[in-house]
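*Asks:* sequence first, predicted coordinates after that:
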Amino acid sequence: MSTPQIAFLKGHGTENDFVIVPDPDNAVDLPASVVARLCDRRAGIGGDGLLHVVRSAAHPEARAMAEQAEWFMDYRNADGSVAEMCGNGVRVFARYLQRAGLAAEGDLAVATRGGVKGVHLAKDGAVTVSMGHARLPGSGVRVTVDGRSWDARNVNMGNPHAVAFVEDLAHAGDLRSVPPFSPSSVYPDGVNIEFVVDRGPRHVAMRVHERGSGETRSCGTGACAVAVAAARRDGVDPAVTGAPATYTVDLPGGTLVITEFPDGTVDMTGPAVIVAEGVIDPDWLETVSG
C-alpha cells in the first residue's frame, strides 16, 4: 500500500522558520524521526521546527481546550522533540489559518501545550499574540561560555528561559550546542538560553540557543522573556507602576515589540509570512519513516 501524499507549507516569523503540516483530523503520523528529517536543511524541507495544524477536538492533548480554541498548534522542535510553545510559531500558525480561509482578520484563539493563546491579525499584516503571564521563579543559573560567566535570570513563558545580559553578543559563542549552566537541577527538562545587550532605552538585542534546535534567527517566547528580564533589571514592574512597559527586541532575523501589562500578561507583535507550499514526496517519506 502506497504512502498517501502529505501537503506542507513553509513559513517564517522574523526568520524563525517552520514546516507547516495541515492535518485537521490528526490523521498524519509524525514520529520524531520524520519531523527531524523534514526539518533537516540539507536532506529535508528545512526549518527550526514543525507546526502540525490539528483541530483541538481531534487531538488528545487539546480536547479540553476545544471549546475555547478550534485549532491546536502541535509544535515540534527541529530534532523531533515536543515543545510547549513557540511564540513565532503561533504567529505563523495564525497566518496559515488566515491564508487557508480558516481564520479572518481580527481576533482568534489558538490552543497550545502552553495553554490557549489569543491572537490578533491586524490589517497592516502584523500579528499580535497574547503570550500569557511571565513567571519569574526565584532560582537562576550561572551560564559559562569560553571562560566568561554570567548570572542568568529564570523566566518562564510556558517554556523555560535563562536570560543573561552580556557586554557583546559575540560572547555567546557559536550556540550550536547548549551553553553550559549550573546548577543543572534548575532546568531538568532543558532550557532556552538568551544572551542580551542594550541598544538604547527599552531597546535590546539578543541571540538565543533554543532547546532542541540550536541557535535560531528568532525566538518569540525568548524575546518575551528578555523584555521581562530587562524590565526588572531596569527597575520596571507594570504590576507596581500600573502602566504597561514596552520593549523593542532586535533578533538576527528581525524585530519584535513586546509589551507587559499591569495584570502580568505579555503581548508580542511581529511579522508572519508564508513563503511556499507543496506536497511531500510519498516515496521519500516512506524511506524516512520505514
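*Replies:* Here it is on my side, so go on.
*Asks:* contacting residues for the residue nearest to residue 121 when sequence neighbours are not counted?
*Replies:* In this structure, residue 121 finds its nearest non-sequential neighbour in residue 105, 5.0 Å apart by Cβ to Cβ, 6 or more residues apart in numbering. For the C-beta atoms, the positions are set from N, CA and C on the backbone; glycine is no exception. Residue 105 makes contacts with 98, 121-123, as judged by Cβ atoms under 8 Å, 6 or more residues apart in numbering.
*Asks:* look up how far residue 12 lies from residue 105.
*Replies:* Going from residue 105 to residue 12 by Cβ to Cβ, to the nearest Å gives 20 Å.
*Asks:* now do residue 120
*Replies:* Taking Cβ to Cβ, one finds residue 120 at 19 Å from residue 12.
*Asks:* so where is the stretch 1-150 of the chain shaky, pLDDT-wise?
*Replies:* Along the stretch 1-150 of the chain, the model assigns pLDDT under 70 to residues 1-3.
*Asks:* quick one, strands of it?
*Replies:* Secondary structure of the stretch 1-150 of the chain (DSSP state E, counting those that start in this stretch): strands at 6-13, 16-22, 49-55, 71-77, 106-112, 115-121, 127-133, 141-145, 148-156.
*Asks:* quick one: closest of those strands to residue 271.
*Replies:* Closest approach to residue 271 among the strands of the stretch 1-150 of the chain (Cβ to Cβ): strand 6-13, 6.3 Å.
*Asks:* pairing partners for the closest one, with directions?
*Replies:* strand 16-22 (antiparallel), strand 273-280 (antiparallel) (DSSP bridges).
*Asks:* tell me which of those strands is the most buried.
*Replies:* Stretch with highest mean neighbour count among the strands paired with strand 6-13: strand 16-22 (a mean of 25; mean count of other Cβ atoms under 10 Å).
*Asks:* so what touches that strand?
*Replies:* 6-12, 28, 30, 38-39, 44-53, 86, 88-89, 92-93, 96, 100, 216-220, 253, 274.
*Asks:* quick check: angle from it to strand 71-77?
*Replies:* 130 degrees (axes from the mean of the first three to the mean of the last three Cα atoms, to 10 degrees).
*Asks:* output strand 16-22 in PDB with nothing but the alpha carbons.
*Replies:* As requested, the backbone C-alpha atoms of strand 16-22 are provided in PDB (Å, rounded to 0.1, in the frame of the first residue of the first chain):
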ATOM      1  CA  ASN A  16      12.300  31.700  12.700                       C
ATOM      2  CA  ASP A  17      11.200  29.200  10.000                       C
ATOM      3  CA  PHE A  18       8.800  26.300  10.100                       C
ATOM      4  CA  VAL A  19       7.500  23.400   8.100                       C
ATOM      5  CA  ILE A  20       3.700  23.500   8.300                       C
ATOM      6  CA  VAL A  21       1.700  20.300   8.100                       C
ATOM      7  CA  PRO A  22      -2.100  20.800   7.800                       C
END
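*Asks:* about what we covered before: wait, which of the strands of the stretch 1-150 of the chain is closest to residue 269?
*Replies:* Shortest distance between residue 269 and those, using Cβ to Cβ, is found for strand 127-133: 4.4 Å.
*Asks:* any idea how far residue 77 is from residue 32?
*Replies:* 9 Å.
*Asks:* can you check residue 169 too?
*Replies:* For residue 169 relative to residue 77 (Cβ to Cβ), the value is 23 Å.
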